[in-house]
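Engineer: Here is the input, now give the coordinates:
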Amino acid sequence: MSAKGAVPAAAGTLDAAADLGDARAEALELEGLLLSRAYLYTLFHKLFGAAPDAELLDVLLGAATADVVDEYAADDESLRGLGRFLAALAAREDRAGLLDAARDEYTRLFVGPGALPAPTWESPYRSREMTLFQENTVAVRAAYRAHGLQPKRVQRVPDDHVALMCAYLARRAGEALGAFRAGEAAALSAELRGERAFVEGHMNTWLAAFAKSLRASKTAVLYPQTVEALAAFCAVDATFLAEAAYWAEGRTDGAGEQAEAAPIDPPEVAAFAEVGGALASLEAMRPFGIEDYELEALRPCADPGQGR
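Structural biologist: Residues are numbered from 1 along each chain as shown. Just a heads-up that it's a prediction; the model follows:
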């Protein structure tokens, strides 16, 4: 990826390139990070929503993922550690053995039938109660519905499951990237502010505790490390979203209208074709069981209790 200068931007210095007086370089940095975060949320959705298969493991350990992780790793030790961890896994010769071990670990940590070492949804970490479909679950459902979405298995799986929330943020990250590439500064700012509210309100509230619980599990093949990486990424992402929204607001006239003197100047999309292609392939992957943790367009509510 060609936006290496964007790495410190994720840590809250998005204006670094502005010191060079190069608005185009600034836009290039931002596009690189917007694309990278869409990729990462999509990857985390697939990882936590289905048992891994050979195709998904190859993507996780591939060059595109290494490049995208590197975009966010400069100022966060956990994400640097993720890069080193994935590189070590990629160097293993027994890929089939790794896949079998990762599948076993996924089942034990996320599926059962035994007791799970840690809940995989947000509510218990907020309420200290283990029941499903709590008040927080309804709040997350409302966020989905506000964007015309609902879980495919609505009322069967908790809306605040980690995989569903990653799927939601992946979709919204795609919307932010689309607004940027369309040069719509006001829409981009509003989208980034909304995403930050969700990340702060429903991801950074519990992921660190979730990761800590998984670290105490009996194995550490893949998932304790990747949940820890998701927690670190969301913390960094919240800062980035605030900085990027501020950047976009600087391209409006202060009243939410596009400022003619300071438009967004998106660089050529071709500069990110490789990662964009990898993202499209990742989005199309269907590891077994992922349908339980996917979102779809909101359907009319036949059951009056379904919309609560």
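Engineer: pLDDT below threshold where in this structure?
Structural biologist: Applying pLDDT under 70 to the chain flags residues 1-22, 130-133, 253-271, 301-308.
Engineer: tell me the centre residue of it?
Structural biologist: residue 41 (2.2 Å; C-alpha atoms, centre = their mean).
Engineer: So it is in contact with residue 173, correct?
Structural biologist: Yes: Residue 41 is in contact with residue 173 according to C-beta atoms under 8 Å; the separation is 5.4 Å. C-beta coordinates here come from the backbone N, C-alpha and C atoms, glycine included.
Engineer: tell me the SS of residue 220?
Structural biologist: coil (DSSP: H, G, I helix; E, B strand; the rest coil).
Engineer: Can you report how many residues lie near it?
Structural biologist: As a burial measure, residue 220 scores 14 neighbours (other C-beta atoms under 10 Å).
Engineer: related to what we said a few turns ago, can you give me the distance of the residue nearest to the centre of the chain to residue 162?
Structural biologist: For residue 41, the distance to residue 162 equals 11 Å [C-beta to C-beta, to the nearest Å].
Engineer: Which neighbouring elements make contact with the helix or strand containing residue 197?
Structural biologist: Per DSSP states H and E, residue 197 falls inside helix 185-202. When contacts are defined as 3 or more C-beta pairs under 8 Å, 6 or more residues apart in numbering; DSSP states H and E, helix 185-202 packs onto helix 135-146, helix 162-181, helix 223-249.
Engineer: please redo it, this time with the cut-off set to 10 Å
Structural biologist: Packing partners of helix 185-202 (3 or more C-beta pairs under 10 Å, 6 or more residues apart in numbering; DSSP states H and E): helix 23-49, helix 135-146, helix 162-181, helix 223-249.
Engineer: Now render these as a markdown table, adding distance to residue 209.
Structural biologist: Output for the helices and strands packed on helix 185-202, formatted as a markdown table (distance: least, C-beta to C-beta, whole Å):
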| stretch | distance to residue 209 |
| --- | --- |
| helix 23-49 | 16 |
| helix 135-146 | 14 |
| helix 162-181 | 12 |
| helix 223-249 | 9 |
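Engineer: what sits against the spatially closest residue to residue 110 that is not a sequence neighbour?
Structural biologist: Closest residue to residue 110 apart from its sequence neighbours, by C-beta to C-beta, 6 or more residues apart in numbering: residue 120 at 5.6 Å. Neighbour list for residue 120: 48, 109-111, 157-158, 160-163, 210, 214, 227, 293 [criterion: C-beta atoms under 10 Å, 6 or more residues apart in numbering].
Engineer: Closest to residue 86 out of those?
Structural biologist: residue 227 (14.1 Å; C-beta to C-beta).
Engineer: how about the residue nearest to that closest one when sequence neighbours are not counted, phi and psi?
Structural biologist: With C-beta to C-beta, 6+ apart as the criterion, residue 227 has its nearest non-adjacent residue at 4.6 Å, and that residue is residue 211. When read as degrees, to the nearest 10, the backbone of residue 211 gives phi -60, psi -40.
Engineer: I'd say residue 211 and residue 233 touch.
Structural biologist: No: using C-beta atoms under 10 Å as the test, residue 211 is too far from residue 233 to be in contact (11.1 Å).
Engineer: That concludes my questions; thank you for your assistance.
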